[in-house]
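Asks: pasting the sequence and the predicted coordinates here, then a few questions.
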Amino acid sequence: MITVWSPDGVGEVRRGDDLATVLLAAAGTDLSDGDVVCVTSKVVSKAEGRVEVGDRAEAIERETARLVARRGPLTVVVNRLGLTMAAAGVDASNVEPGTIVLLPDDPDASARALRAAVAARTRVNVAVVVTDTAGRPWREGQTDIAIGAAGLKVLDDHAGRSDSYGNVLAVTAPAVADEIAGAAELVAGKLGRRPFTVLRGRPDLVLVAGDDGPGASALLREPGSDLFGLGAREAVLAALAAQPAQRSSYGAPVTAPEIAGLLADLLPQSTIDRSGDEVTVDDDDPRALWAAEVASYAHGFEVAADDGRRVRLRPITP
């Protein structure tokens, strides 16, 4: 049985406050070996002095590593932590008017510090998850995810296991750290001033004392492996601009047969030839050749030669 609860009585957390002291004052002696303690990133940021007076737009720009999509005032970016989030995770809620909260400098390190402090003071082995709210592609609404973790198996890889019908699983890997974060938010709520949540009943996910695990950063996809590295409009514009810095958003190059097949569907009147790893497009219409160059950029190919009537494409080498 899994039990999740969020203790009341936590007052305003300010810069320099010791989170372990605040947690233990609220949870008392209710912590046990194998529990998972969730703490909101907002409280971690407050304790670490990540609250500032300033312009939110400027802070978002400062925290942004790469723009993913923009729709009016909404921006979705990859922030400096590698997280894809709206507004780079910069928040202006649950703080005094005129102030903003940035995400912790290193959420995994914050989780490790809190876990170590709890262990030192109570001799109890818990895991710690730092949570924050994020939207999802394809789905309305938001849910909490793990942006920091310590002492937790953050991903439960089922590859190689068999289901009840004997089918061998290949890609199933529940992001248990995110599932725990979502359960914590469901119990704590957004407006209840309960920044800590304890989940009990999955000690199998908690690592032994002294082993903090890979942290929540292990849940981040490698650049280029995310099928949604750019928004729909941004992907089109990036391909048209063909900027080398944006290539990684499209992932690794496809094979020559794949690009040849794609171009044959895109340019049915063109002559598409393949020789080894290279593909040649022959067409009288310069617009067709230009379209071939754009499509090849988005699929990891580059122009090897272009005489105005024929364009030769080759895969990009690292």
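Replies: On my side now, so go ahead. The model shown is predicted, which means the values in this text are computed figures rather than measured ones.
Asks: now do the contacts for the residue nearest to residue 250 when sequence neighbours are not counted.
Replies: Spatial nearest neighbour of residue 250, excluding adjacent residues (C-beta to C-beta, 6 or more residues apart in numbering): residue 298 at 5.2 Å. Where C-beta positions appear, they are placed from N, C-alpha and C, glycine not excepted. Applying C-beta atoms under 8 Å, 6 or more residues apart in numbering to residue 298 gives the contacts 235, 238-239, 250.
Asks: repeat for residue 66
Replies: 77-78, 249.
Asks: buried subset of the contacts of residue 298, written for PyMOL?
Replies: Here is the PyMOL command that picks out the buried ones among these, judged by 16 or more other C-beta atoms under 10 Å:
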select buried, resi 235+238+239+250
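Asks: apart from its chain neighbours, what residue comes closest to residue 253?
Replies: Closest residue to residue 253 apart from its sequence neighbours, by C-beta to C-beta, 6+ apart: residue 300 at 2.6 Å.
Asks: I'd say that neighbour and residue 255 touch.
Replies: No - assessed by C-beta atoms under 8 Å, residue 300 is found out of contact with residue 255, at 9.6 Å.
Asks: I'd assumed residue 134 was in contact with residue 185.
Replies: No - under the criterion of C-beta under 8 Å, residue 185 makes no contact with residue 134, lying 10.9 Å away.
Asks: show me how the record splits this protein into domains.
Replies: Using automatic domain parsing, the domain parsing of the chain gives 3-50+104-219, 232-315.
Asks: so for residue 62, which of these sits nearest?
Replies: domain 3-50+104-219 (12.3 Å; C-beta to C-beta).
Asks: adjacent strands (with direction) for the longest strand seen in the chain?
Replies: Across the chain, the longest stretch assigned as strand under DSSP state E is strand 139-150. Strand pairing for strand 139-150, determined by DSSP bridges: strand 127-136 (antiparallel).
Asks: now residue 264, nearest residue through space, not along the chain?
Replies: residue 272 (4.8 Å).
Asks: and the next helix or strand past the helix or strand containing that neighbour?
Replies: Using DSSP states H and E, residue 272 falls within strand 271-275. Per DSSP H and E, strand 271-275 leads on to strand 278-282 as the next helix or strand towards the C-terminus.
Asks: tell me what angle that following strand forms with strand 271-275.
Replies: Interaxial angle of strand 278-282 relative to strand 271-275 (axes from the mean of the first three to the mean of the last three C-alpha atoms, to 10 degrees): 160 degrees.
Asks: what sits up against strand 278-282?
Replies: 256, 259-260, 263, 267, 270-274, 288-289, 292, 296, 301, 304, 309-314.
Asks: immediately after that strand, which helix or strand?
Replies: helix 286-298.
Asks: and the residue nearest to residue 122 when sequence neighbours are not counted, how far is that from residue 127?
Replies: In this structure, residue 122 finds its nearest non-sequential neighbour in residue 31, 6.3 Å apart by C-beta to C-beta, 6+ apart. For residue 31, the distance to residue 127 equals 11 Å [C-beta to C-beta, to the nearest Å].
Asks: shared neighbours of the two, anything?
Replies: By C-beta under 8 Å, 6+ apart, the residues touching both residue 31 and residue 127 are residue 37.
Asks: who has more neighbours, these two?
Replies: The neighbour comparison of residue 31 against residue 127 (other C-beta atoms under 10 Å) goes to residue 127, with 27 against 18.
Asks: next up, the contacts around that one.
Replies: By C-beta under 8 Å, 6+ apart, the residues touching residue 127 are 35-37, 115, 149-152, 205-207.
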